[in-house]
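Visitor: Structure for this input, please:
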Amino acid sequence: MPVQQSTPTSAQVPVRHDRRRPAVPARLRARAAAATVWYLRLLAVLNIAAVVSLPFREEVHEHNGGEFFTPYLATAGLGSAAFAVFLAVVMRRRKRAAWVFNLLLAGPLCCLYVLALATGTYGAHLFNWLSTALTGLFVAALLIGRREFDAIGDRSNPRLAAAAGAGGLLVSGALGTLLVSATNRQSGASLQDRIAYTLLRGVSVGPLADRVDAVSAPHWVDIVVNVLMAATVLLVLYACFRAPRGRALLAAEDEERLRTLLELHGERDSLGYFALRRDKAARFSPSGKAAVTYRVVSGVSLASGDPIGDPEAWPGAIDAWLAEARRHAWTPAVMGASEEAGTVYARHGLDALELGDEAIVELADFTLEGRAMRVVRQAHNRVRRAGYTVRVRRHADIPEAEMALLVDRADHWRDGATERGFSMALGRLGDPADGRCVMLECRDATGEPRALLSFVPWGGHGLSLDLMRRDRACENGLMEYMVVELLLRAGELGVRRVSLNFAMFRSVFERGSRLGAGPVLRLWRSVLTFFSRWWQIESLYRANAKYRPLWEPRFLLFAKSSDIPRIGLASARAEGFLTPPGFLTRPGLPSLTRLRRAPRA
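Guide: Below you'll find the model as predicted:
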């Protein structure tokens, strides 16, 4: 009879203790990394103070030029100040290249200081010991916090930095040499002397360049030359440590996965379909049941709307997106998130700021009757009597020739050369993959196209406004007429709700006009009203409010309040309100935001 072997209990199994422990605690690593940033900030302030204050500057240069030496990066020059400021910025973003750069500069310098104290007469001066200690502490903090600096840079950075350095040095050196030549108070200076003086002044405004006896320029010239060189240093540093551009766009397989998630969970977010923009990238959760789509603009990883997919898998997708942002030193931000998604993002360390409200019309509650709808009803009746008609069709039902005509008219009616929209715009028209989108085409009494609206699907029973275009010479109130026609006839398409435009700061306009509004709220409303002369802030709110919609708040999510200005500029670029010069755009990237008719398969 075989002997049954008993399974050992947990008490019988020998416990193997893992003796391996992290060499440096995580909290100490984080503090050491932060200390390096604060050291560079302090040195930047001291360098600027040395430029402004003559006694302080002379004291620094006396230490640098005599038997004394100063801590790492302590010189009297704007170039050094700019150098320290930029290094502080990139070190704060945990760039690996910045860590290597500082270690290669400060490490040998610290060794040189130690050698000088051990073998020379420099040890007799207490200040040298202090400089060595500060430099050594900076190097120690670099070594302790090295694992905190894991953000990678763009592979093209070295080539770009070399080109920027050569070009910047040539331009700033030539301008500085010309300025020195025009203001030199000495005679007989050769071109070599003037170039040497210019390069030395680019390093420091102190007595460093006084060894060129044939040149004597005014002090303001020294400062101008130093500023030019500082600008060159900043340009080179930017090229060295710039974040990757985020060249990965939405691949075909990613788009297919997103469409599958939208089929299952598309009812949750009216902005979900806009995740299919092909100038975005996608990060999926480990389970593949959720994804965050984003676009990198000016070093900001800009997501929009809610994550796509199962809400239980949202945290995994958000973690993957934030990890990608940290790895490339991108600033994470989310535009237009709902309150539900904003709560989940907040659990991952992001803060929220209410941007405005989205207007949603429930068709079961919509009616043209009543005093509140009088203005809309009158506009609808006036345009209808003028002979205008509206045709509502799915994109898949529009013949090729007709769609090509509509795309051409939409391009012609566009206000400006730049296609606007990112968080609430698909960025294309007539693509065969978007056959479920809905097109409203409005024609006048002669049958000529005058306006169009395009809506993307919002789950199985909703629509979300994507595109509004009209002929400027058409009847006033044409858009109200088309929206009302859609709301009255949407049942034919099985639509139950429609998402219209987004109204920024809607609550400010609404509450600021009420009786008893406080002075701060009224002042804020006055400021927004003033800026509405150039941007459609109040007009969008008024245009949406006339349909008596439900207002759903939308939020901006960000990691740090100091990042808000940068996020605002990136958002303005993504939405098309700010356009960089043509020579700054990436060559070879197709214009993905331009309306176009994609060829059918």
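
Visitor: need the strands for the stretch 351-500 of the chain, in chain order.
Guide: 351-362, 389-394, 438-443, 449-457, 462-470, 497-504 (DSSP state E, counting those that start in this stretch).

Visitor: Same check on the chain?
Guide: 281-284, 290-297, 300-304, 308-309, 331-337, 351-362, 389-394, 438-443, 449-457, 462-470, 497-504, 550-558 (DSSP state E).

Visitor: Identify the residues contacting the nearest residue to Val236 once chain neighbours are set aside.
Guide: Spatial nearest neighbour of Val236, chain neighbours left out: Gly165 (4.5 Å); criterion: CB to CB, 6 or more residues apart in numbering. (Glycine included, C-beta is placed from N, CA and C.) Counting by CB atoms under 8 Å, 6 or more residues apart in numbering, Gly165 makes contact with 232, 235-236, 239.

Visitor: do the same with Arg31
Guide: Gly145.

Visitor: For it, give its distance to Arg147.
Guide: Distance of Arg31 to Arg147, computed by CB to CB, to the nearest Å: 13 Å.

Visitor: How about Phe101?
Guide: 17 Å.

Visitor: And for the closest residue to Gly123 other than its chain neighbours, the neighbour number?
Guide: Leaving aside its chain neighbours, Gly123 sits nearest to Leu117 (4.5 Å; criterion: CB to CB, 6+ apart). Neighbourhood size, Leu117 [other CB atoms under 10 Å]: 18.

Visitor: mind listing what the residue nearest the centre of the chain touches?
Guide: The centroid of the chain falls nearest to Val300 when counting by CA atoms, centre = their mean (2.5 Å). By CB under 8 Å, 6+ apart, the contact list for Val300 reads 330-333, 563, 566-567, 570-571.

Visitor: Can you list the low-confidence ranges for the stretch 501-601 of the chain?
Guide: 509-516, 520-521, 524-525, 531-535, 538, 577-601 (pLDDT under 70).

Visitor: What segments of it are helices?
Guide: Under the criterion DSSP state H, counting those that start in this stretch, helices of the stretch 501-601 of the chain are mapped to 506-512, 519-531, 538-545, 564-575.

Visitor: To Leu368, which of those helices lies closest?
Guide: helix 538-545 (15.5 Å; CB to CB).

Visitor: Who are the packing partners of that closest one?
Guide: strand 497-504, helix 506-512 (3 or more CB pairs under 8 Å, 6 or more residues apart in numbering; DSSP states H and E).

Visitor: how big is the angle separating it from strand 550-558?
Guide: 140 degrees (axes from the mean of the first three to the mean of the last three CA atoms, to 10 degrees).

Visitor: Please export the C-alpha coordinates of helix 538-545 as CSV.
Guide: Backbone C-alpha positions of helix 538-545 (Å, rounded to 0.1, in the frame of the first residue of the first chain) are rendered in CSV as follows:
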residue,chain,number,x,y,z
GLU,A,538,-20.5,83.9,-23.9
SER,A,539,-22.0,83.4,-27.3
LEU,A,540,-21.5,79.6,-27.1
TYR,A,541,-23.3,79.6,-23.8
ARG,A,542,-26.2,81.7,-25.1
ALA,A,543,-26.4,79.6,-28.3
ASN,A,544,-26.7,76.4,-26.3
ALA,A,545,-28.9,77.7,-23.5
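
Visitor: Pull out the buried residues from that helix.
Guide: Going by neighbour count (16 or more other CB atoms under 10 Å), the buried part of helix 538-545 is 538, 540-541, 543-544.

Visitor: Could you do stretch 287-305 as well?
Guide: 289-305.

Visitor: One more: stretch 431-439?
Guide: 431, 433-434, 437-439.

Visitor: Need the pLDDT of Phe138.
Guide: Looking at Phe138, its pLDDT stands at 93.

Visitor: should've said Ala248
Guide: Per-residue pLDDT puts Ala248 at 62.

Visitor: repeat for the one 4 residues further on
Guide: Looking at Ala252, its pLDDT reads 87.

Visitor: Please apply the same query to Asn64.
Guide: 55.

Visitor: got it, and the one 3 residues further on?
Guide: You'll see Glu67 listed with a pLDDT of 67.

Visitor: now Thr36
Guide: 92.

Visitor: Specify the beta-bridge partners of Thr293.
Guide: Beta-bridge pairing for Thr293 (DSSP bridges): Ala282.

Visitor: Quick one: residues contacting it.
Guide: With CB under 8 Å, 6+ apart, Thr293 has these contacts: 250, 258, 275, 277, 280-283, 303-304, 308.

Visitor: Is it correct that Leu237 is in contact with Ala84?
Guide: No. With contact taken as CB atoms under 8 Å, Leu237 and Ala84 are classed as non-touching, separated by 10.4 Å.

Visitor: on that earlier part again, redo the buried residues of stretch 431-439 as TSV? Include distance to Ala404 and pLDDT.
Guide: Output for the buried residues of stretch 431-439, formatted as TSV (distance: CB to CB, whole Å; pLDDT from 0 to 100):
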residue	distance to Ala404	pLDDT
Asp431	13	89
Ala433	17	90
Asp434	15	92
Cys437	16	94
Val438	18	93
Met439	13	94
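
Visitor: Compile those into JSON lines and extend it with columns for distance to Leu487.
Guide: As requested, the buried residues of stretch 431-439 are exported to JSON lines (distance: CB to CB, whole Å):
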{"residue": "Asp431", "distance to Leu487": "26"}
{"residue": "Ala433", "distance to Leu487": "27"}
{"residue": "Asp434", "distance to Leu487": "22"}
{"residue": "Cys437", "distance to Leu487": "17"}
{"residue": "Val438", "distance to Leu487": "12"}
{"residue": "Met439", "distance to Leu487": "16"}
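
Visitor: Go through those and name the one nearest Ala359.
Guide: Val438 (17.3 Å).

Visitor: Could you find the closest non-adjacent residue to the closest one?
Guide: Per CB to CB, 6+ apart, closest to Val438 is Phe455, 4.4 Å.

Visitor: what stretches of the stretch 101-250 of the chain score poorly on pLDDT?
Guide: In the stretch 101-250 of the chain (pLDDT under 70), the answer is 153-155, 204-211, 240-248.

Visitor: how does it look with 80?
Guide: 119-125, 127, 151-161, 186-189, 199-214, 216, 219, 230, 233-234, 236-249 (pLDDT under 80).

Visitor: can you pull out the helices in it?
Guide: Using DSSP H, counting those that start in this stretch, helices in the stretch 101-250 of the chain cover 126-144, 157-183, 191-203, 219-241.

Visitor: what's the neighbour count on the residue nearest to Val438?
Guide: Neighbours of Phe455 using other CB under 10 Å come to 26.

Visitor: Give me the contact list for stretch 176-191.
Guide: 194-195, 197-198, 201-202, 213-218, 221, 224-225, 228-229.

Visitor: ok, now how distant is the residue nearest to the residue nearest to the centre of the chain when sequence neighbours are not counted from Ser304?
Guide: In space, and not counting its chain neighbours, Val300 is closest to Ala570: 3.7 Å by CB to CB, 6+ apart. Applying CB to CB, the value for Ala570 to Ser304 is 12 Å.

Visitor: swap in Arg522?
Guide: 32 Å.

Visitor: One more: Ile195?
Guide: 52 Å.
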